[in-house]
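A.B. asks: predicted model, plus sequence, below.
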Amino acid sequence: MGVCPCSHASLSHCESCTSCSSSTKKRKQGQKDDTNGARKRARNDVERIRWGYSLDLMLYDDPWKIKKVLQKSDLGNMSRLLLSKDLAENLVLHVLNADERRDAETGIGTEISIWDLDTNSMHSLLFKRWGSSKSYVFIDKWVQDFVKRRHLKEGDEVAFHWDPYNHHFAFTVLQVF
């Protein structure tokens, strides 16, 4: 509390003058706004935990969840693009049906359609677990349809994402080395 500038209350704010009552109202309004903001943030946190989404404003969500900086082994004669176990299990196996998932996990492999966004062309690769390792690969025509055709080289960054409306993966080159 401060000293009231009006003459009828010298030691504390009064409720009768305009100067004192407006500053008191502003202070109370600010406290109310802070309380409402805290309630809103808490409600958003509860919703995010319960339903797995947020009510907070998001300006951009990168759709390219599977990203890979190409290494020499991805470009060679083995004709394969190696994906980590985590990427494959969370982002590729997750969108396959039960039969496709079983074939991929057992090493038989399942055919995956891939739309190249940059060249507007559809391709097909075999997706499967790589030998006894815990990694997964896209094989068959990887080198022919992507590496050679797109002139990919070591250090280039490529990306994939699942297109749920067209039921295929989309592919793009994010960065050329």
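C.D. replies: Nice, thanks for sending it over.

A.B. asks: in stretch 78-85, what counts as buried?
C.D. replies: Using 16 or more other C-beta atoms under 10 Å as the burial criterion, the residues of stretch 78-85 that qualify are Ser79, Arg80, Leu81, Leu82, Leu83. The C-beta positions use only the backbone N, C-alpha and C, and glycine is treated the same way.

A.B. asks: would you mind giving those as a markdown table with distance to Lys134 and pLDDT added?
C.D. replies: Below are those laid out as a markdown table (distance: C-beta to C-beta, whole Å; pLDDT from 0 to 100):
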| residue | distance to Lys134 | pLDDT |
| --- | --- | --- |
| Ser79 | 21 | 83 |
| Arg80 | 15 | 92 |
| Leu81 | 16 | 94 |
| Leu82 | 11 | 93 |
| Leu83 | 11 | 93 |
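
A.B. asks: mind picking the two most distant members of those residues?
C.D. replies: Pairwise distances across these peak at 14.6 Å for Ser79 and Leu83 (criterion: C-beta to C-beta).

A.B. asks: report all helices and strands that the helix or strand encompassing Ser73 contacts.
C.D. replies: Secondary-structure element containing Ser73, defined by DSSP states H and E: helix 72-75. The contact analysis (3 or more C-beta pairs under 8 Å, 6 or more residues apart in numbering; DSSP states H and E) places helix 72-75 against strand 80-83.

A.B. asks: toward the C-terminus, what is the element adjacent to the strand it packs on?
C.D. replies: Next along from strand 80-83, by DSSP H and E: helix 85-87.

A.B. asks: residues making contact with that following helix?
C.D. replies: Applying C-beta atoms under 8 Å, 6 or more residues apart in numbering, the contact partners of helix 85-87 are Ile66, Lys134, Ser135, Tyr136.

A.B. asks: now for these: which two are most distant?
C.D. replies: Ile66 and Lys134 (16.6 Å).

A.B. asks: buried among the contacts of helix 85-87? Need that as a selection in ChimeraX.
C.D. replies: With 16+ other C-beta under 10 Å as the criterion, this ChimeraX line picks the buried residues out of those:
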select :66,136
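
A.B. asks: would you map out the domains in this protein?
C.D. replies: Domain assignment for the chain by automatic domain parsing gives 1-57, 66-175.

A.B. asks: how long is the last one end to end?
C.D. replies: Spelled out, that is domain 66-175. 14 Å (C-alpha to C-alpha, to the nearest Å).

A.B. asks: change the start of the numbering to 25 and stick with it
C.D. replies: In the new count, where the first residue is 25, that last one comes out as domain 90-199.

A.B. asks: give me the phi and psi for Leu147.
C.D. replies: No Leu there; residue 147 is His. Main-chain torsions, His147, degrees, to the nearest 10: phi -140, psi 170.

A.B. asks: you'd agree it is up against Glu135?
C.D. replies: No. Applying C-beta atoms under 8 Å, one finds His147 not in contact with Glu135, separated by 10.6 Å.
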